[in-house]
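dropping the sequence and predicted coords here.
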Amino acid sequence: MTPLTPPEPERGALNLAGRRLSFLDFGGPGRPLLALHGHFGEGCTFTRLAGELGDSWRVIALDQRGHGRSDRSADYSRSGYVEDAAAVLEHLGIRGAVVLGHSLGGVNAYQLAARRTGLVDALIVEDIGAEVDDDLSFALSWPHRASTRSGLLDGLGTSAAYLVDAVREYPDGWGLAFDPQDMNASQQLLNGDHWDDWLGADCPALLVRGSRSTVLHAEHARKMAARRARTSLVELPAGHTVHDTVPGEFAGAVRGFLDSL
């Protein structure tokens, strides 16, 4: 199927305790779907998905704290991320959204469903487990600034291909739309056992795993689906960033789940 061209999103924002939270609202008359990206990402990563879903769904894609156009925070705790997502929905007057999250955003999504009953009608979790143990300390070696865009990309090495959308020009040179120290701290606070939250809501859920993922292993994904009622598991031919590697297949799996609600 040829992907639909998404409408030009509106950039929205709210002030939360003196901190700016920015989001993209793709609009339309459809039901609301809040999309939460992973570490190093931002809301625009879901632009293709918004086009694929068309007018049936109103995609709202948050730049999570410390990412994209949202302000940095001194707090990258689990509760901080969850309250940000809840604040966006409440700011827009939305209850009963579908919440989709990749990696970091996936944990945020299922914790939101478990901790803020009534805000979430269904979950889509992309390639993250109920137990998380990862290390982003490699990002601490990335250059803070470079005099040229190409110089920054060279300094990022093999990671550059995954970070192109995060490159920005600042008054003092070229850099990234996040601070690697924040990402490292955020990951350390994401690590842990989150089974209680994964099992803490009974809304329908779709768990999407990349068949080549080294983040969500096949046995753990099967266990997540088996232990949680009303949960289906789909595996697609990708690594950790399923929505970016196989966007058409990912959109098809998401659309099939949404059509079942």
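Cool, got the structure.

my guess is Gly200 contacts Leu112. True?
No - counting by C-beta atoms under 8 Å, Gly200 does not reach Leu112; the two are 10.4 Å apart. The C-beta positions use only the backbone N, C-alpha and C, and glycine is treated the same way.

more neighbours: which of these two?
The residue with the greater number of neighbours, taking Gly200 and Leu112 and applying other C-beta atoms under 10 Å, is Leu112; the counts read 27 against 15.

quick one, helices of the protein?
Secondary structure of the chain (DSSP state H): helices at 47-53, 78-91, 104-115, 149-156, 160-163, 180-190, 195-198, 218-227, 242-245, 247-259.

identify the bridge partners of Glu10.
Each beta-bridge partner of Glu10 is listed here: Asp25, as defined by DSSP bridges.

got a list of what it touches?
When the contact criterion is C-beta atoms under 8 Å, 6 or more residues apart in numbering, the partners of Glu10 are 24-25, 27.

pLDDT at it, what is it?
With respect to pLDDT, Glu10 has a value of 97.

for Ser186, which non-adjacent residue is spatially closest?
Among residues not flanking Ser186 along the chain, Tyr76 sits closest, at 3.9 Å (C-beta to C-beta, 6 or more residues apart in numbering).

hmm, the one you found is touching Asn184, no?
No - using C-beta under 8 Å, Tyr76 is not in contact with Asn184, being 9.5 Å away.

comparing the two, which residue is more hemmed in?
For Tyr76 versus Asn184, neighbours defined as other C-beta under 10 Å are more numerous around Tyr76 (21 against 17).

per-residue confidence for that one?
On the pLDDT scale, Tyr76 gets 98.

residues contacting it?
With contacts defined as C-beta under 8 Å, 6+ apart, the neighbours of Tyr76 are 65-66, 182, 185-186, 189.

related to what we said a few turns ago, same list (the contacts of Glu10) but as CSV, adding distance to Thr158.
Converted to CSV, these look like this (distance: C-beta to C-beta, whole Å):
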residue, distance to Thr158
Leu24, 28
Asp25, 34
Gly27, 37
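
okay, and for the chain, where does confidence drop off?
Applying pLDDT under 70 to the chain picks out residues 1-7.

picking that back up, of the helices of the chain, flag the one that's most buried.
The highest mean neighbour count among these belongs to helix 104-115 (a mean of 26), with neighbours defined as mean count of other C-beta atoms under 10 Å.

got a list of contacts for that helix?
Counting by C-beta under 8 Å, 6+ apart, helix 104-115 makes contact with 34-39, 41, 64, 78-79, 81-82, 85-86, 99-101, 119-120, 123-128, 132, 186-187, 190, 194, 196-201, 203, 205, all of which sit outside it.

picking up where we left off before, just the closest of the contacts of Glu10 to Gly93, please.
Set against Gly93, the nearest of those by C-beta to C-beta is Asp25 (12.4 Å).
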